[in-house]
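Undergrad: Dropping the sequence and predicted coords here.
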Amino acid sequence: MKRRYLLRCATFSLLVVISISASPKQAGAQNAYGKKAKPQDTTSPSSPSAPTFRKAFVIDDRLSALRRKPDLQGEVIRRLRLGHVVYIVGTSKPARVEAPFCRVAVTRRTRGWIHKSALAVQGRAGEDQRILKLIEAAEGTDKITLCRLLNESFSHSRFVPRCMLLLGEEAERIAETLSQRIRRRLGEVRGAAAGVRDYYLSDASLDRYSKLGVVFDFNDSTIEFVYDGKAYREVIKRFPASEEAALALQHLETAGKKTSSKR
């Protein structure tokens, strides 16, 4: 009886070993042709891959309507401001719609479709040139916003010196326009308790430019604003050998003459 019992145990153990070694799920297993079987892929071929997010910026607010579907007549969720950061999570097929759209994530809960031409993708070749063309056609705060965007988010672009020079020139143009406008409105403050300079540099018209980093000084003798030249100094510091640096220096010298006798 004891010998039968031991024989049964040995037979059972042998069967277990054979069963394990023949399993195709084990590494090194062989198939019917004597080749090693590949490990079984447990990933379902139909399982969706993780979504990819590409950082982009709104560069044309004329096309920046965020819509519920990729259709020019689709319901508008909101209008995105110039320079707004979004993340592209998909695109529409041009064959199915009249204009190409990108599906974007604006916040964690807000997603929608926006016209592809309204966006510039960070790191994509040629986007800096698109922004420069829009800068050259824009004016006012739009121009300043786009210049700052190119300088800060596309800082390796060869167009940065050009855009910073354009920013400074636009700030000078704005200073002249604001001087004329506010001079008509504040002409009566000469006899007020506070000085004329205090009223001019406290005017609400300067607020929007202050938020964009554009600062103006004031010349008391000519009653006019003078751009402080920050963009020009940056061009000279970062790109001293460039043509834009030479032009920036000329602008600074002119501004210096305007402020030399301001008090």
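TA: Everything's here; your move. This is a predicted model, so every value here is computed, not measured. Numbering: from 1, shown residues only.

Undergrad: and stretch 163-181, average pLDDT?
TA: Stretch 163-181 comes out with an average pLDDT of 96.

Undergrad: And for that stretch, what's in contact with it?
TA: 131-132, 135-136, 139-140, 143-144, 146-148, 150-151, 203, 205-206, 209, 214, 216, 223-227, 229-232, 234-235, 244, 247-248, 251, 255 (C-beta atoms under 8 Å, 6 or more residues apart in numbering). In short, each C-beta sits where N, CA and C put it, glycine included.

Undergrad: which helices and strands sit right next to the host helix or strand of Ile135?
TA: Taking DSSP states H and E as the criterion, Ile135 maps to helix 127-137. Applying 3 or more C-beta pairs under 8 Å, 6 or more residues apart in numbering; DSSP states H and E, we find helix 127-137 packed against strand 119-121, helix 140-153, helix 160-185.

Undergrad: Can you show me the helices along the chain?
TA: Assigned by DSSP state H, the chain shows helices spanning 2-21, 127-137, 140-153, 160-185, 196-201, 207-211, 230-238, 243-259.

Undergrad: Any buried residues in the fourth one, and which?
TA: So the one you mean is helix 160-185. 160-172, 174-175, 178-179, 182 (16 or more other C-beta atoms under 10 Å).

Undergrad: Could you check how far the closest residue to Ser242 other than its chain neighbours is from Ala105?
TA: The spatially closest residue to Ser242, leaving aside those adjacent along the chain, is Pro161, at 4.9 Å (C-beta to C-beta, 6 or more residues apart in numbering). As judged by C-beta to C-beta, to the nearest Å, Pro161 and Ala105 stand 33 Å apart.

Undergrad: and what of Arg148?
TA: Arg148 sits 23 Å away from Ala105, going by C-beta to C-beta.

Undergrad: now do Lys69
TA: 16 Å.

Undergrad: Quick check: can you list the domain ranges of the chain?
TA: 54-121, 127-259 (automatic domain parsing).

Undergrad: In the sheet, which residues pair with Ala120? Tell me.
TA: Phe57 (DSSP bridges).

Undergrad: In this structure it contacts Gly126, no?
TA: No: here Ala120 does not reach Gly126: they are 9.3 Å apart, not a contact under C-beta atoms under 8 Å.

Undergrad: These two: which has the busier surroundings?
TA: Ala120 (23 against 9; other C-beta atoms under 10 Å).

Undergrad: Between Lys69 and Ala105, point out the one with more neighbours.
TA: Ala105 (16 against 13).

Undergrad: Let's have the helices of the chain in a markdown table, adding distance to Arg81.
TA: Output for those, formatted as a markdown table (distance: least, C-beta to C-beta, whole Å):
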| stretch | distance to Arg81 |
| --- | --- |
| helix 2-21 | 66 |
| helix 127-137 | 15 |
| helix 140-153 | 9 |
| helix 160-185 | 18 |
| helix 196-201 | 27 |
| helix 207-211 | 12 |
| helix 230-238 | 22 |
| helix 243-259 | 28 |
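
Undergrad: Cheers, nothing more for now.
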